[in-house]
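**Student:** task: produce atomic coordinates for the following.
(one chain, ligands or ions: 1)
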Amino acid sequence: MDGRDRVIVALDFDDRRDARALVARLGDACGSYKIGLELLTAAGPDLVEELVGQGHEVFLDLKLFEIPNSVAGAVRAAGALGASMVTVHAMGGTGIVAAAVEAAREFPRLRVLALTVVTSMTASDLADVGIGGTPDEQVLRLARLAAGAGCDGVIASPREVGLLRAGLGPDPLIVTPGVTLQGRGAGAAVAGGVAGAAVAGGAAGVHSRTGTAQEAFAAGASHVVVGRSITRAADPVAALALARAGAAG
Ligand code: C5P
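**Tutor:** Presented below is the predicted three-dimensional model:
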């Protein structure tokens, strides 16, 4: 992936026409898209091949948590579609993560990324499922497990990027969703107010552990994932430019 692809736009649509319209609108400005379970299920895997055929990178966010044989099969299917990234839950343990990594070997462009602790979970939620310690401790534990099993990187909330970059070193990818385009009140002049509208209608309202794209890159994220702040912006091209400015700065 080149620098242009450090901002991944999440195509969280339930209809392929809406997804295609957004892709057409962003044109050459966007090189990388995330397709999750909603759009994959609604539109089918052809859309992945279509985007790859147009020269885009596709992050297929499958969030796999299955027996190793099934995980390996799903990763091979993602690789055959031409996906560049696929996700597996590190909570599944070394066997499941290693199965994903092994299955990806025949697809040189496919990177396996590990999910650690779902960002909405608190220490109390972890205790409820029998896990002691803080979310940060569990995130770092699972990230190290994933790195040890050969994963190319991890998914991390803005709040965890610094911790993970320090703990994992410079090489692993750290892909960060849950970002806004800018802090409240900042940069109102940028993009003629597009950003303010984007934040109001985007990630800020729903992510308790959010941060800006710029903060995520500064803390060591290799990529950020931005959904509604771009896809629902009055001017998605301007909103994407704002996110990419974070990558540069
Ligand atoms: O909030 P936004 O629309 O930018 O979300 C974009 C993507 O980021 C979603 O597809 C979701 O899977 C992912 N996300 C996440 N964890 C969060 C917030 C969003 O994985 N805390």
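**Student:** so Ser222 touches Ile174, yeah?
**Tutor:** Yes: counting by C-beta atoms under 8 Å, Ser222 touches Ile174, with 5.4 Å between them. For every residue, glycine as well, the C-beta is placed using N, CA and C.
**Student:** who has more neighbours, these two?
**Tutor:** Using other C-beta atoms under 10 Å as the criterion, Ser222 and Ile174 rank with Ile174 on top: 24 against 20.
**Student:** in what helix or strand does that one lie?
**Tutor:** In this assignment (DSSP states H and E), Ile174 forms part of strand 173-176.
**Student:** that strand near the ligand anywhere?
**Tutor:** No: residues of strand 173-176 are not located near the ligand by C-beta under 6 Å from any ligand atom, the shortest gap being 8.9 Å.
**Student:** tally of neighbours for Ala147?
**Tutor:** With neighbours defined by other C-beta under 10 Å, the count for Ala147 comes to 21.
**Student:** residues contacting it?
**Tutor:** Ala147 is in contact with 154, 168, 172, counting by C-beta atoms under 8 Å, 6 or more residues apart in numbering.
**Student:** what sits against Ala247?
**Tutor:** Applying C-beta under 8 Å, 6+ apart to Ala247 gives the contacts 3, 6-7, 213, 217, 224.
**Student:** still on that earlier bit, closest one of the contacts of Ala147 to the ligand?
**Tutor:** Nearest to the ligand, judged by C-beta to the nearest ligand atom, of those is Val154 at 11.7 Å.
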